[in-house]
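Chemist: Provided below for reference: sequence and predicted model.
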2 protein chains.
Amino acid sequence: MASTLIVGSVAFDTLHIAGTCHSKVLGGAATYASLAAAHFAPVQLVGVVGRDFPDSATQMLRARGIDLAGLEVADGETFHWEGRYSEDLSSRETLRTDLNVFADFKPKIPKAFQKAEFVMLGNIDPTLQMDVLDQMSKPSFVLADTMNLWIDIRHAELIKLCSRIDMLVLNDEEARQLTDQKNLVRAARALRELGPKYVIIKKGEHGALLFHGNDVFALPALPLENVVDPTGAGDTFAGALIGCLARANDVSGPSMRRAIVYGSVLASFCVEGISLQRLHEASPADVNARFEQFRKLTNF
Amino acid sequence: MASTLIVGSVAFDTLHIAGTCHSKVLGGAATYASLAAAHFAPVQLVGVVGRDFPDSATQMLRARGIDLAGLEVADGETFHWEGRYSEDLSSRETLRTDLNVFADFKPKIPKAFQKAEFVMLGNIDPTLQMDVLDQMSKPSFVLADTMNLWIDIRHAELIKLCSRIDMLVLNDEEARQLTDQKNLVRAARALRELGPKYVIIKKGEHGALLFHGNDVFALPALPLENVVDPTGAGDTFAGALIGCLARANDVSGPSMRRAIVYGSVLASFCVEGISLQRLHEASPADVNARFEQFRKLTNF
């Protein structure tokens, strides 16, 4: 089992879903990803919170085997995002973004974390993602997530980052936007030409595609009846994926495919509860049962 | 191997795709479905054409083992549809619909066809689909396709049809429209409550879902680099599916799942050429090779 470093936001989310307001629940890409990865391997989290971040949250994360030596506590308040989901949960609008201490986030990797072998660069400014890589000594596998904002305002930096990572994870619209290619096979090829040997294109309720060399893996999402809160599903997917690769300490074909299935398993739990609730509650038996459900779903 | 009856439109399509106009190429739901089904089993086609329908087309269909005893030749011209696809082929607009002889289409099932065991009711008025069933003696499996038009203007008839069929095939938007359910799991349950034991929800480039009892099968589409003409892909899928079930003369779990994969295989060929070109050219070896490609694509 190899060590896993996860860098990204730790936040409070205020979620307006189906007429109910869930005020300042725990959120953030690094939080979702770490809790998901911790199902498979020990996790080292790097992020920043404010003085208002509650002990109960740090205790919950520590209890899951997440090392918080890289969680800086800065003067000020924790990053806070507020958003409202559409009735069918297929879209959301941002009502408010208070960057707070996250505005000045400069990831500092503790000495003990610098030798981590599996690294997930959560969705933050690609300049900061590269700062993290500068502080690491030879990780064996680096996964980076990104978003439309960085494609717009940090395009050159994102392209540069791509030459330094093993895997890029992004959604279909972002893949099209970054490559100017409508066709996803061509978009994935264009992305791999930028550097990453592995490209994963997430398609939400339609599943995910992995492109690697001439190999393509397509996994449908589990059709779910009770989707409660889609927040953090993508971060959960990537976190479980990197944790699973770290547990296997192997990125070859079968390990990679299994990691993608486990990513989808954890993402399916994630969306079934508000905030991190279901992700936190799911037992190893629950996780394995749902992995088998994916086999039944896709087997022919 | 059981006999397969396919009822639906036979048409000329004028397709505006990527700046090129393909004038009056062969099209129609029954044509696509029959050519796809004929890869697996002998097909009996029921439809109507005008006096302008060329011998070359009937010869081509007969050469594939399609029995045209049910292809009525009526006074007038063959159904003609003209449409323009968007640049990325994700949508299309109808420029012109000349129903011609199709306006008075009343499917007459030849005596020799009435004992067919596998029946595909292509996308026509549900009243006509029921007329077909009235003429059949106990088919063992009936599949019906439909479209948004009939959901709008023949809602009651479509609901009635549902109580008489084994499988309903429709796309995700149609499933939502017919059931008023945004969630596809719930939509599929609502559809099964109308009668069909099997519901297939097609999602285009995202693949297809089969719902049957508590069983769900999800198959991604093959990611394709060169999509040329999406016309008829859904009809091709359903035609290959019914042909494959007829060949196996079995609709149990594994046979059903294999039939859905073969449906997707033929649909993947369909979209790679204009009109029926690739569907016509694909050899048994091509078909089997692509079936194995689906295994590689989805296996974990």
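Modeler: Looks like it came in fine.

Chemist: sec struct for the residue nearest the centre of chain A, please.
Modeler: Relative to the mean C-alpha position of chain A, the nearest C-alpha, by C-alpha atoms, centre = their mean, is the one of A:Asp235, at 2.3 Å. Put simply, A:Asp235 is helix when judged by DSSP: H, G, I helix; E, B strand; the rest coil.

Chemist: tell me the helices and strands packed up against the helix or strand bottoming out on mean pLDDT in chain A.
Modeler: Using mean pLDDT, DSSP states H and E, helix A:148-153 stands out as the lowest-scoring helix or strand of chain A, at a mean of 94. When contacts are defined as 3 or more C-beta pairs under 8 Å, 6 or more residues apart in numbering or on different chains; DSSP states H and E, helix A:148-153 sits against helix A:155-162, helix A:172-179. Bear in mind the C-beta positions are built from the backbone N, C-alpha and C, glycine included.

Chemist: buried set for it?
Modeler: By neighbour count on 16 or more other C-beta atoms under 10 Å in any protein chain shown, the buried set for helix A:148-153 is A:150-151.

Chemist: got the residues of the stretch 51-200 of chain A near chain B?
Modeler: Contact residues (C-beta under 8 Å from any C-beta of the partner chain) of the stretch 51-200 of chain A with chain B: A:87-88, A:182-186.

Chemist: helix/strand/coil for the residue nearest to A:Pro284 when sequence neighbours are not counted?
Modeler: Distances taken as C-beta to C-beta, 6 or more residues apart in numbering or on different chains place A:His39 nearest to A:Pro284, at 7.4 Å, with adjacent residues excluded. Secondary structure assignment for A:His39 (three-state DSSP): coil.

Chemist: my guess is A:His39 contacts A:His280. True?
Modeler: No - using C-beta atoms under 8 Å, A:His39 makes no contact with A:His280, being 10.2 Å away.

Chemist: between these two, which is the more surrounded one?
Modeler: Set A:His39 next to A:His280 and count neighbours by other C-beta atoms under 10 Å in any protein chain shown: A:His39 wins out with 25 against 17.

Chemist: and the helices and strands packed on helix A:148-153 as TSV, adding mean neighbour count?
Modeler: As requested, those are exported to TSV (neighbours: other C-beta atoms under 10 Å in any protein chain shown):
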stretch	mean neighbour count
helix A:155-162	17
helix A:172-179	19
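
Chemist: which single residue in the stretch 1-150 of chain A comes nearest to chain B?
Modeler: The stretch 1-150 of chain A approaches chain B most closely through A:Asp88 (4.2 Å), counting by C-beta to the nearest C-beta.

Chemist: name the element that residue belongs to?
Modeler: A:Asp88 belongs to no helix or strand when assigned by DSSP states H and E.

Chemist: what does A:Ile109 give?
Modeler: Judged by DSSP H and E, A:Ile109 forms part of no helix or strand.

Chemist: ok, now which ones touch it?
Modeler: Listed by C-beta atoms under 8 Å, 6 or more residues apart in numbering or on different chains, the contact set of A:Ile109 reads A:5, A:7, A:46, A:70, A:132, A:135-136.

Chemist: and the furthest pair within these?
Modeler: A:Gly70 and A:Met136 (12.1 Å; C-beta to C-beta).

Chemist: circling back: mind checking pLDDT for the residue nearest to A:Pro284?
Modeler: Per-residue confidence (pLDDT) for A:His39: 97.

Chemist: ok, it - contacts?
Modeler: A:240, A:243, A:262, A:266, A:282, A:284, A:287.

Chemist: what's the overlap in contacts for A:Gly70 and A:Met136?
Modeler: Common contact partners of A:Gly70 and A:Met136 (C-beta under 8 Å, 6+ apart): A:5, A:109.

Chemist: tell me the helix or strand right after the longest helix anywhere in chain A.
Modeler: Taking DSSP state H as the criterion, chain A has its longest helix at helix A:253-270. Counting by DSSP H and E, the next helix or strand C-terminal to helix A:253-270 is helix A:277-281.

Chemist: can you give me the buried ones in that following helix?
Modeler: Within helix A:277-281, the residues that qualify as buried by neighbour count (16+ other C-beta under 10 Å) are A:277-280.
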